[in-house]
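Participant: need a 3D model of the following:
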Amino acid sequence: IAEPGLHFKMPWPIQEVKKMSKETFSLDFGFNDGEDEADKVTMITGDDKIVQADLVVQWKITDPRSYLFASEEPEQVLFNATSSSLRGVIGSSEIDEALTSGKAEIENEVREMLVSLIDSYEVGVSIIDVKLQEVDLPNQEVRKAFTKVTDAREQKQSKENEADKYANQKREEALGEKDAIIQRAEGDKVERIQDANGAVARFNALLSEYEDNQDVTRERLVMETLEEVLPQANVYIMNDDGNTMKYLPLNQGNVQKVTPPAQEDSEEGDKNG
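Facilitator: Residues are numbered from 1 along each chain as shown. Just a heads-up that it's a prediction; the model follows:
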């Protein structure tokens, strides 16, 4: 390896100069749309399904001495390492992962495996990047069948998502109704406690009045009870001696006084006398 500057070499076959490029190269591995089906590279997935994969590897020469002398065909070594890495990762993946959401993970695993292999071979090249271009099924009939299966699976997932959404909505509504019921119950509880406390306070006040003047309080309670039980009735109250009878309307209407007729015993006594 010559350092920068002027260098002179003897002509071939005494000496030979090989110029190494510092550019980044690309290695295409897999299949192209223009190839025949029989010529395309196929591989088997972990669930024994056949797929085709297209991979692009970007690499560059980082050690010219190893690149020239460690192997007669370093590019073939790179190709074989790429094939081994891709087939190994695809072989441990299921077809659904390879064709749908698992492509990024497959790409990362291939990159890690390929870098490890190339470093162990020491052929003077370094892996810059690995791009998994496409993973597909081997023929049109299989692709159509897989598409139908995928569509059915997506419809199933969509229905499940709708059902989950509906269930969550109903659950939230039920929880909201439960909270409302609890709040109303708490409000009723507070109201009843306040009513009970008010009733207790009124009873205590009445008890205090009763203890101070039992007769008046008893008569007032009787009158209030009659007003509540018989709001439209006429109530007659007679004094103890029986001489007069007063009409007392409890609804505070017109006040009437009624004088009862003279007793028969008194009239007969006057006649005999």
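
Participant: distance from whichever helix or strand residue 228 is part of to the middle of the chain?
Facilitator: Per DSSP states H and E, residue 228 falls inside helix 214-229. Here helix 214-229 is found 66 Å from its chain centre; the criterion is C-alpha atoms, centre = their mean, to the nearest Å.

Participant: what's it packed up against?
Facilitator: Applying 3 or more C-beta pairs under 8 Å, 6 or more residues apart in numbering; DSSP states H and E, one finds that helix 214-229 contacts helix 140-212. Yep, even glycine has a C-beta here, placed from its N, CA and C like the rest.

Participant: rewinding a little: tell me the angle the helix holding residue 228 makes with helix 140-212.
Facilitator: Comparing the axes of helix 214-229 and helix 140-212 via axes from the mean of the first three to the mean of the last three C-alpha atoms, to 10 degrees yields an angle of 140 degrees.

Participant: give me the below-cutoff pLDDT ranges for this protein.
Facilitator: Within the chain, the ranges that satisfy pLDDT under 70 run 1-19, 31-40, 140-143, 145-146, 149, 234-273.

Participant: let me see the domain layout of it.
Facilitator: Using automatic domain parsing, the domain parsing of the chain gives 25-146, 214-261.

Participant: could you list the buried residues of stretch 71-83?
Facilitator: By 16 or more other C-beta atoms under 10 Å, the buried positions in stretch 71-83 come out as 71, 74, 77-78, 81-83.

Participant: and among the domains of the chain, the most buried is which?
Facilitator: Ranked by mean neighbour count, those are led by domain 25-146 with a mean of 16 (mean count of other C-beta atoms under 10 Å).

Participant: can you lay out the domains of the chain as a markdown table showing distance to residue 198?
Facilitator: Listed next are these as a markdown table, based on distance: least, C-beta to C-beta, whole Å:
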| stretch | distance to residue 198 |
| --- | --- |
| domain 25-146 | 68 |
| domain 214-261 | 17 |
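
Participant: out of these, nearest to residue 155?
Facilitator: Proximity to residue 155, assessed across these by C-beta to C-beta, is greatest for domain 25-146 (14.9 Å).

Participant: residue 67 belongs to a helix?
Facilitator: Yes. Membership of residue 67 in a helix is supported by DSSP: H, G, I helix; E, B strand; the rest coil.

Participant: I'd guessed it sits against residue 123; true?
Facilitator: Yes. Using C-beta atoms under 8 Å, residue 67 is in contact with residue 123, at 6.3 Å.

Participant: okay, and the common contacts of those two?
Facilitator: Each of residue 74 lies in contact with both residue 67 and residue 123 under the rule C-beta atoms under 8 Å, 6 or more residues apart in numbering.

Participant: spatially central, which residue of the chain would that be?
Facilitator: residue 168 (8.2 Å; C-alpha atoms, centre = their mean).

Participant: measure that residue to residue 174 for me?
Facilitator: 11 Å (C-beta to C-beta, to the nearest Å).

Participant: so what sits against both of the two?
Facilitator: By C-beta under 8 Å, 6+ apart, residue 168 and residue 174 have no common neighbours.

Participant: isn't residue 74 right up against residue 126?
Facilitator: No. Assessed by C-beta under 8 Å, residue 74 is found out of contact with residue 126, at 11.7 Å.

Participant: need the residues touching each of these two.
Facilitator: Here residue 74 and residue 126 have no joint contacts, going by C-beta under 8 Å, 6+ apart.

Participant: work out for me the element the nearest residue to residue 132 once chain neighbours are set aside sits within.
Facilitator: Nearest-residue entry for residue 132: residue 107, 4.1 Å, with adjacent residues in sequence omitted and distances by C-beta to C-beta, 6 or more residues apart in numbering. According to DSSP H and E, residue 107 maps onto helix 103-121.
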